[in-house]
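Participant: attaching a predicted model along with its sequence, questions to come.
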Amino acid sequence: AQTVTQSQPEMSVQEAETVTLSCTYDTSENNYYLFWYKQPPSRQMILVIRQEAYKQQNATENRFSVNFQKAAKSFSLKISDSQLGDTAMYFCAFMKRGGAQKLVFGQGTRLTINP
Amino acid sequence: GAVVSQHPSWVICKSGTSVKIECRSLDFQATTMFWYRQFPKQSLMLMATSNEGSKATYEQGVEKDKFLINHASLTLSTLTVTSAHPEDSSFYICSADESGTGYEKLFFGSGTQLSVL
């Protein structure tokens, strides 16, 4: 079974600062995907960024980037130039590769961006 | 982009009654849909995988007879909470996979807050 661990229940930074959210996972699979999802107060799940495990290059999406360390089973999210709208719960998630598969979520990190 | 519509957004019911939640893919067909439950300030936990035309696959610890899932068409899956009790109060979210790969086009509904009195 796969597990995803987010060790930071809460984080708080000032607007425009850079913040890094941590995520580690455990799996015996070799082919899989990793995701970061954002859940704002509306509770709609929003995909932030995703990474294919077989790709060594770290994924980036505008202000969001990841540091994917496959050997260490680490998948951290860096948010640059943080904005007030980034305030939300952030979930790291794992998915096995191969057809439609379920997502296994971490516990979440509540991120607050202060003005 | 593809949209997954989930209804109702919130529902309040009396203990012992049944509640049906719909998850509909609006502009794509989804062979597989997933149902998650989220308690306050907690993460999403998978309840079951819904497969069109076949029985749902339930996660360990989820009561099949209590949480009835029907995936009668490629665009609609329903979750019925039978004989609801206060401990069933939670936020229920569905997701649907457009591409069938799990990676490229996975979409979430907006969720349903169930409150059982």
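Facilitator: Cool, the structure landed. Keep in mind that what you see is a predicted model, and the values were worked out from it rather than measured.
Participant: next one: residue A:107 from residue A:54, what distance?
Facilitator: As judged by C-beta to C-beta, to the nearest Å, residue A:107 and residue A:54 stand 27 Å apart. No exception for glycine: its C-beta is placed from N, CA and C like everyone else's.
Participant: neighbour-wise, which of the two wins?
Facilitator: With neighbours defined as other C-beta atoms under 10 Å in any protein chain shown, residue A:107 and residue A:54 compare such that residue A:107 has more, 17 against 11.
Participant: that one: what's it in contact with?
Facilitator: By C-beta atoms under 8 Å, 6 or more residues apart in numbering or on different chains, the residues touching residue A:107 are A:5-6, A:9, B:42-43.
Participant: before we move on, what's the pLDDT of it?
Facilitator: The per-residue pLDDT reported for residue A:107 equals 97.
Participant: closest to residue B:81 among the contacts of residue A:107?
Facilitator: Lowest distance from residue B:81 to the contacts of residue A:107 (C-beta to C-beta) belongs to residue B:42, with 18.1 Å.
Participant: so who does that closest one touch?
Facilitator: When contacts are counted by C-beta under 8 Å, 6+ apart, residue B:42 is found next to A:107-108.
Participant: so it: helix, strand or coil?
Facilitator: Residue B:42 falls in the coil class when you classify it by DSSP: H, G, I helix; E, B strand; the rest coil.
Participant: again, but for the one 4 residues further on
Facilitator: Under the three-state scheme (three-state DSSP), residue B:46 adopts strand.
Participant: in the sheet, who's paired with it?
Facilitator: Note on residue B:46: beta-bridge partners residue B:36, judged by DSSP bridges.
Participant: neighbours around it, how many?
Facilitator: Burial of residue B:46 is recorded as 18 neighbouring residues (other C-beta under 10 Å).
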